[in-house]
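Q: prediction below, plus the sequence it came from.
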Amino acid sequence: IQDFETRYLPKARGPIITGWDEIDSITRGGLGKRELGVVVAPTGAGKSMALVHIGSRAVVMGKTVVHYTLELAETTIGLRYDSAITGVPLSMTFEYKDQIKENITNIEGQLIVKEYPTKSATTKTLENHLDRLRKKGVEPDMIIVDYADLLKPVQVRKEKREELGSIYEELRALSTEFQCPIWTASQTNRSGLSAEVITMEQISEAFNKCFVADFILSVSRTI
């Protein structure tokens, strides 16, 4: 009974808003400590852009965001953050370079983007990098992995779905270890390309992802 009131305090979770009112309402202010969120979408539907949007809101709030990219270059992710934070269209970032620099200079938040080649990094690789940051005095408020399906499994399993399931479990453990929310993304199977609303049936390979994640957001982009 001693910690009863503590359980009902929002700061116990320390949620960080996504900037989408509907999502923030459902999640009671965004993802909190020790929570895993997954953006599910078909190829080219905007998984990376959704993750950048979530990260950019946290940076604007003064948070430290560590963004791992396993597909796109660090500079590409950086430009997307510049666009998301300042509102300058991605196609015009070079044209408004000086204005963007002026705007982001005053932001208290910190963004660290780290690139690894596809299927070269494991969750252990990410943990080692986070430990090195910690030794430098950098504590992440949010971790973004773009995206989990492109991580290499720590342990090779017989079936791919088992490997993917364990990767998501390891990410969840990482969020507990570093006491911050982790956002990642997952690709749908082929049927997700034409689905107006993506459900658990369209989640590629590992149904286990659904059971590990605290929150799943699907993005659809039909013709």
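A: In hand now; what should we look at?

Q: who touches the spatially closest residue to residue 138 that is not a sequence neighbour in this structure?
A: Closest residue to residue 138 apart from its sequence neighbours, by Cβ to Cβ, 6 or more residues apart in numbering: residue 64 at 6.4 Å. C-beta here means a position set from N, CA and C on the backbone, and glycine is covered the same way. Residues in contact with residue 64 (Cβ atoms under 8 Å, 6 or more residues apart in numbering) are 109, 110, 111, 112, 138, 139, 140, 141, 142.

Q: okay, and which of those residues map to strands?
A: Among the contacts of residue 64, the members found in strands (DSSP state E) are 110, 111, 112, 142.

Q: find me the pLDDT at the first one, would you?
A: Confidence at residue 110, expressed as pLDDT, is 95.

Q: surely it and residue 138 touch.
A: Yes: contact criterion Cβ atoms under 8 Å: residue 110 and residue 138 qualify, at 7.4 Å.

Q: next structured bit after the worst-scoring helix or strand of the chain on mean pLDDT?
A: Lowest by mean pLDDT, DSSP states H and E among the helices and strands of the chain is helix 208-212, with a mean of 70. Downstream of helix 208-212, the next assigned helix or strand under DSSP states H and E is strand 215-218.

Q: how far out from the middle of the chain is that next one?
A: Averaging C-alpha positions (Cα atoms, centre = their mean, to the nearest Å) puts strand 215-218 11 Å from its chain's average.

Q: give the rounded mean pLDDT of it.
A: The model assigns strand 215-218 a mean pLDDT of 88.

Q: just want the most central residue of this protein.
A: residue 183 (2.6 Å; Cα atoms, centre = their mean).

Q: for that residue, list each beta-bridge partner.
A: Counting by DSSP bridges, residue 183 is bridged to residue 37, residue 144.

Q: pLDDT score assigned to it?
A: pLDDT for residue 183: 97.

Q: quick one: residues contacting it.
A: 31, 36, 37, 38, 39, 51, 54, 55, 142, 143, 144, 145.

Q: for it, give its distance to residue 157.
A: Applying Cβ to Cβ, to the nearest Å, one obtains 25 Å for the distance of residue 183 from residue 157.

Q: how about the helices in this structure?
A: Applying DSSP state H to the chain gives helices spanning 4-7, 21-26, 47-60, 74-86, 97-105, 123-135, 160-177, 208-212.

Q: tell me the contacts of residue 133?
A: 66, 112, 139, 140.

Q: quick one, phi psi at residue 138?
A: phi -100, psi 110 (degrees, to the nearest 10).

Q: how about stretch 55-73: buried residues?
A: Using 16 or more other Cβ atoms under 10 Å as the test for burial, stretch 55-73 gives 55-61, 63-71.

Q: using PDB, write out every CA atom in it.
A: Output of stretch 55-73 as PDB, limited to C-alpha atoms (Å, rounded to 0.1, in the frame of the first residue of the first chain):
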ATOM      1  CA  GLY A  55      11.800  11.600 -32.700                       C
ATOM      2  CA  SER A  56      11.600  15.200 -33.800                       C
ATOM      3  CA  ARG A  57       8.800  15.900 -31.300                       C
ATOM      4  CA  ALA A  58      10.900  14.600 -28.500                       C
ATOM      5  CA  VAL A  59      13.900  16.700 -29.600                       C
ATOM      6  CA  VAL A  60      11.800  19.800 -29.700                       C
ATOM      7  CA  MET A  61      10.700  19.000 -26.100                       C
ATOM      8  CA  GLY A  62      14.300  19.000 -25.000                       C
ATOM      9  CA  LYS A  63      14.800  15.300 -24.900                       C
ATOM     10  CA  THR A  64      17.900  13.300 -26.000                       C
ATOM     11  CA  VAL A  65      17.000  10.900 -28.900                       C
ATOM     12  CA  VAL A  66      19.300   8.200 -30.200                       C
ATOM     13  CA  HIS A  67      18.200   7.200 -33.700                       C
ATOM     14  CA  TYR A  68      19.600   4.000 -35.200                       C
ATOM     15  CA  THR A  69      19.300   3.700 -39.000                       C
ATOM     16  CA  LEU A  70      19.800   0.300 -40.700                       C
ATOM     17  CA  GLU A  71      18.600   1.300 -44.100                       C
ATOM     18  CA  LEU A  72      19.100   5.000 -44.800                       C
ATOM     19  CA  ALA A  73      22.200   7.100 -44.600                       C
END
